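*Asks:* Mind looking at a prediction? Sequence and model below.
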Amino acid sequence: MQRTKTIISGLIIASLVIFIGNTITPQEPPQPVQATHGMVVSTNRLASEVGVEILKKGGNAVDAAVATAFTLAVTHPSAGNIGGGGFMLIRWADTGKAVLVDYREEAPGRAERDMYLDEKGEIIPDASTLGYLAIGVPGTPAGLDLALERYGTMSLPQVMAPAIKLAEEGFEVTQPFSRSLEGYAKIFSRFPSTSAIFLKNGKPYQPGEVFRQPDLARTLRLIAKEGPTAFYKGEIARLIVQEMERGGGLITLEDLASYQAYIREPVRGNYRGYEILSAPPPSSGGVALLQLLNLLEEFDLSSMGHNTPESISLMVEAEKLVYADRAEYLGDPRFVQIPVQGLISKRYAEDRLKKINLSHATPSNQITHGIPTLYESEETTHFSVVDSKGNAVANTYTLNGGYGSKVVVEGAGFLLNNEMDDFSSKPGFPNMYGLIGGEANAIAPHKRMLSSMTPTILLKDGKLFMVIGTPGGSTIITTVLQVILNVIQHGMNIQQAVAAPRVHHQWTPDFLYYERDTLSGEILKTLLQRGYQLKERRSIGDAHGILVDPKTGKLWGGADPRMDGVAVGY
Ligand code: GLY
């Protein structure tokens, strides 16, 4: 209880920790948005508002989540999607039951293990990230429909109406959206169906201009009317396959018709009195997050302080061990046997802890995966939803890279993912996130590529405490970890917790990444002396979370300031 009090009201302590201890400029701690009944926190104002309108109309958290996801497909097209895939974690307040909807993309039936290698066995540049061969069979329409049909209370036409309207009538382009289009304009111009939508006379849309997507509106209307059948077996399926034929892609009508979203059990663990629910394989996110928390539980992170050399070294040494395991063991559970219970056990963490040396960085090439005992059967986007009954949804979905493969299905107006890059194209060689994968994540027909998406729910004394997640490719897991630690160990409110500077290590490459201008010269010097190779990044992640005040039940929303995030509640 003492800890909870610190979390909710510990603004002063946290502001000292963040702003005097570690960063360059002192300023007021950011405040979360407060609400009594329900809340949606996403990377886009329009999408958060649509979700909250659905809640106000009596929809539950799943109705709001599905409406938000379809809206992001219109208003945040770099990652919001119907041509990608993701994971939706749902928990009911009354029964405590939780499920994970796995709507991850999968490899087309004609995909081959070495499809991204040339005759010398070398990786063909860009083949898994750009254009037609990079595209996995999309899962989003199937996943959103499954979630709504099983767990929602509204119909597809009801929850999709706002997205259809925004696609049809358009919305005002914001500065960040315009900047994003500008960044991708050159690459869009290589794909006529894509530049026809995202460029106006060959130029990116400017802030304040209205961006309309009539083809996408028609596609969404078809899905609303006919359900996902329109996408997987009907007119949209035919348009996707025509697009594949035009560009040399692999997806067939059979691939689309056989796609299914699955209901899975979330992975569960605990950390210092909090229960954690998160995404199971084919995401590595939940397993890796629980492994990290198990390793860190042994240490007094609170007294080490936020982003001090001590706390950074500890997190980073734990991260190297966990990402080494990720590379060895994780993949699609329909294809590989994953020792999930072994990896997330406290006993395994005890063994792995022996490898951690806090006084000096252990070089990554001296680290390898462990042997858990039990075998058993940078543009993504996350939003968090809580409804008036305390039901919660954590949804992370993606096209993988910004605007995915950059291929728009002509006539259907939506982008297709480049998720095939999340497979390991050549075991032992890095993908676009620098992640190394092993045999467990090698390409096979209809296999789902390993993800890092980590939609996560925390409980305290059996009650909802936090809903959290983030985009960020390989940095997703460590970003979710840091937000959780910021709240539980460093006494931050949820807004501070998502805004606070982040660091990241993923075993290979052997770099300690930190956000630009967030660590003092002294801290950087100490880390260098400890043997870390430091690399600056503009930013890491875009986390959106909701915290429930255990005493009053009030909701506190934290939207990441790194992009365009907005928390809306009522
Ligand atoms: N495409 C990023 C991930 O699934 O981890």
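*Replies:* That came in fine, so what should we check first?

*Asks:* Only C-alpha atoms from now on, for both contacts and neighbour counts.
*Replies:* Will do.

*Asks:* Spit out the contact partners of Met154.
*Replies:* When contacts are counted by CA atoms under 8 Å, 6 or more residues apart in numbering, Met154 touches 59, 63, 148.

*Asks:* Among those, which lie within helices?
*Replies:* Counting by DSSP state H, the part of the contacts of Met154 found in helices is 63, 148.

*Asks:* Which residues of the chain lie near the ligand?
*Replies:* Within the chain, the positions lying close to the ligand (CA under 6 Å from any ligand atom) are 400, 419, 451-453, 473.

*Asks:* circling back: which of the contacts of Met154 tops the neighbour count?
*Replies:* Within the contacts of Met154, neighbour counts (other CA atoms under 10 Å) peak at Asp63, which reaches 29 neighbours.

*Asks:* Met453 belongs to a helix?
*Replies:* No. Met453 sits outside any helix when classified using DSSP: H, G, I helix; E, B strand; the rest coil, being coil.

*Asks:* That one reaches Val287, doesn't it?
*Replies:* No. Look at Met453 against Val287 with CA atoms under 8 Å: they stay out of range, at 10.7 Å.

*Asks:* who touches the helix ranked longest in the chain?
*Replies:* Ranked by residue count under DSSP H, the longest helix found in the chain is helix 309-329. When contacts are defined by CA under 8 Å, 6+ apart, helix 309-329 is touched by residues 284, 288, 291-292, 295-296, 301, 304-305, 338-339, 352-353, 356-358, 361-362, 364, 367-370, 435-440, 478, 503-508, 512, 523, 526-527.

*Asks:* Now a ChimeraX select for only the buried ones of those.
*Replies:* Of these, the buried ones go into a single ChimeraX selection, burial set by 16 or more other CA atoms under 10 Å:
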select :284,288,291,292,295,296,301,304,305,338,339,352,353,356,358,361,362,364,367,368,369,370,435,436,437,438,439,440,478,503,504,505,506,507,508,512,523,527
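
*Asks:* The contacts of helix 309-329 in strands, which ones?
*Replies:* When DSSP state E is applied, the contacts of helix 309-329 are split such that 503-504, 512 fall in strands.

*Asks:* who wins for neighbours among the residues of the chain next to the ligand?
*Replies:* Met453 (35 neighbours).

*Asks:* so what's it up against?
*Replies:* Met453 sits next to 86-87, 279, 283-286, 396-397, 469-471, 473, 476-477 when contact means CA under 8 Å, 6+ apart.

*Asks:* Least confident of those?
*Replies:* Among the contacts of Met453, Gly473 carries the lowest pLDDT, at 93.

*Asks:* Could you pull up phi and psi at it?
*Replies:* The phi/psi pair for Gly473 (degrees, to the nearest 10) reads phi 60, psi -130.

*Asks:* Could you measure from it over to Ala79?
*Replies:* To Ala79, Gly473 is 12 Å away according to CA to CA, to the nearest Å.

*Asks:* which residues do these two both contact?
*Replies:* Common contact partners of Gly473 and Ala79 (CA under 8 Å, 6+ apart): 379-380, 400.

*Asks:* Please name the nearest non-neighbouring residue to Pro77.
*Replies:* Nearest non-adjacent residue to Pro77, counting by CA to CA, 6 or more residues apart in numbering: Tyr403, 6.5 Å away.

*Asks:* Can you tell me the SS state at that neighbour?
*Replies:* Each residue gets one of three states, and Tyr403 gets coil by three-state DSSP.

*Asks:* what sits against it?
*Replies:* Tyr403 neighbours (CA under 8 Å, 6+ apart): 77-79, 379, 415-417.

*Asks:* Can I get stretch 59-77 in CSV, CA atoms only?
*Replies:* Extracted as CSV, the C-alpha positions of stretch 59-77 are listed here (Å, rounded to 0.1, in the frame of the first residue of the first chain):
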residue,chain,number,x,y,z
GLY,A,59,-19.6,0.3,-26.0
ASN,A,60,-17.2,-1.8,-24.0
ALA,A,61,-13.4,-1.6,-24.1
VAL,A,62,-13.2,-4.1,-27.0
ASP,A,63,-15.8,-2.0,-29.1
ALA,A,64,-13.7,1.1,-28.4
ALA,A,65,-10.4,-0.7,-29.2
VAL,A,66,-11.7,-2.0,-32.6
ALA,A,67,-13.1,1.5,-33.5
THR,A,68,-9.7,3.0,-32.5
ALA,A,69,-7.8,0.5,-34.5
PHE,A,70,-9.8,1.1,-37.7
THR,A,71,-9.5,4.8,-37.2
LEU,A,72,-5.7,4.7,-36.8
ALA,A,73,-5.7,2.8,-40.2
VAL,A,74,-7.1,6.1,-41.6
THR,A,75,-5.5,8.8,-39.5
HIS,A,76,-2.1,7.2,-38.7
PRO,A,77,-1.3,5.3,-41.9
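
*Asks:* For the ligand, state which of the shared contacts of Gly473 and Ala79 is nearest.
*Replies:* Asn400 (3.8 Å; CA to the nearest ligand atom).

*Asks:* quick revisit: from the shared contacts of Gly473 and Ala79, which land in helices?
*Replies:* Judged by DSSP H, the subset of those located in helices is empty.

*Asks:* Switch the residues you listed over to JSON lines; also include pLDDT.
*Replies:* Shown next, in JSON lines, are these (pLDDT from 0 to 100):
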{"residue": "Glu379", "pLDDT": "79"}
{"residue": "Thr380", "pLDDT": "94"}
{"residue": "Asn400", "pLDDT": "96"}
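
*Asks:* ok, so of those residues, who is nearest Gly152?
*Replies:* Each of the shared contacts of Gly473 and Ala79 was checked against Gly152 using CA to CA; the closest is Thr380, at 23.8 Å.

*Asks:* Tell me the secondary structure of the residue most central in space within the chain, please.
*Replies:* For the chain, the residue sitting closest to the mean C-alpha position, by CA atoms, centre = their mean, is Pro471 at 3.6 Å. Following three-state DSSP, we place Pro471 in the coil state.

*Asks:* is it true that it touches Ser539?
*Replies:* No. Using CA under 8 Å, Pro471 is not in contact with Ser539; the gap is 11.5 Å.

*Asks:* returning to what we had before: may I ask which of the contacts of Met453 has the most neighbours?
*Replies:* Using other CA under 10 Å as the neighbour test, these are led by Thr470, with 36 neighbours.

*Asks:* what residues are up against that one?
*Replies:* 380-383, 396, 453-455, 476, 479-480, 541-544.
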